[in-house]
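Novice: I would like to see how this sequence folds:
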Amino acid sequence: MELLTFFEWLESSMLGQAAKSYGGVYAMFQSAHLFSMALLGGTVLLTDLRLLGVLFRDVPSNVVADNAHKWFKVALAIILGTGVFMVAGVAIKCYHNSFFWYKMTALATGIAFVFAVKRPLLNQDHELLKPWILKSVAIASILVWFTVAATGRWIGFS
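Specialist: Numbers count the residues shown, from 1 in each chain. Okay, here's the model as predicted:
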């Protein structure tokens, strides 16, 4: 199935119709989406600023990273679920919006970075890792997730 055909189907589906027809429900999903973005951003900043030695220096970085990652996964699941609902109502518009695709690319990159690079690295004993490696991962993480946020914000302006 061609991608445009999928987006047309999504917008005409019951999910797409509900997103278009029930403003109050859409607003609730949007609120949950925004709350989850704040939670995800908070977990990213908390972990990365700890790895940079800015916050919670008296708490081992692996403790901060492990606890924050649990909430990161919760936030990500809510973001993905609410995001699908929100896109369903305007799927064809999103399909033709280049910033939507930049956001999806950045989001996929962020998710891949967390689960393929950051978490496997941080699952190791942080004391055995060179400080520059931890700091590099933290800076890369902040940049990736800032890009996700910035491209997402521009969807509304285009």
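
Novice: For Phe56, what are phi and psi?
Specialist: Main-chain dihedrals, Phe56, degrees, to the nearest 10: phi 50, psi 50.

Novice: wait, what's in contact with it?
Specialist: Listed by C-beta atoms under 8 Å, 6 or more residues apart in numbering, the contact set of Phe56 reads 46, 50, 64. For every residue, glycine as well, the C-beta is placed using N, CA and C.

Novice: The same query, at a cut-off of 6 Å, please.
Specialist: 50, 64 (C-beta atoms under 6 Å, 6 or more residues apart in numbering).

Novice: In this protein, what residue spans correspond to strands?
Specialist: With DSSP state E, there are no strands along the chain.

Novice: any weak-confidence spans in this structure?
Specialist: For the chain, the stretches with pLDDT under 70 are 1.

Novice: Which residue of it lies farthest from its centroid?
Specialist: Leu128 (28.9 Å; C-alpha atoms, centre = their mean).

Novice: gap between it and Ser61?
Specialist: 12 Å (C-beta to C-beta, to the nearest Å).

Novice: so what sits against both of the two?
Specialist: Joint contacts of Leu128 and Ser61 (C-beta under 6 Å, 6+ apart) do not exist.

Novice: list the contacts for the residue lying closest to His33 once chain neighbours are set aside?
Specialist: Excluding the flanking residues, the one nearest His33 by C-beta to C-beta, 6 or more residues apart in numbering is Thr82, at 3.9 Å. By C-beta under 6 Å, 6+ apart, the residues touching Thr82 are 29, 32-33.

Novice: let's see 8 Å
Specialist: 29-30, 32-33, 36.

Novice: Same list (those residues) but as JSON lines, adding distance to Arg153 and neighbour count.
Specialist: JSON lines is the format used below for the contacts of Thr82 (distance: C-beta to C-beta, whole Å; neighbours: other C-beta atoms under 10 Å):
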{"residue": "Phe29", "distance to Arg153": "18", "neighbour count": "22"}
{"residue": "Gln30", "distance to Arg153": "14", "neighbour count": "15"}
{"residue": "Ala32", "distance to Arg153": "18", "neighbour count": "16"}
{"residue": "His33", "distance to Arg153": "13", "neighbour count": "19"}
{"residue": "Ser36", "distance to Arg153": "15", "neighbour count": "20"}
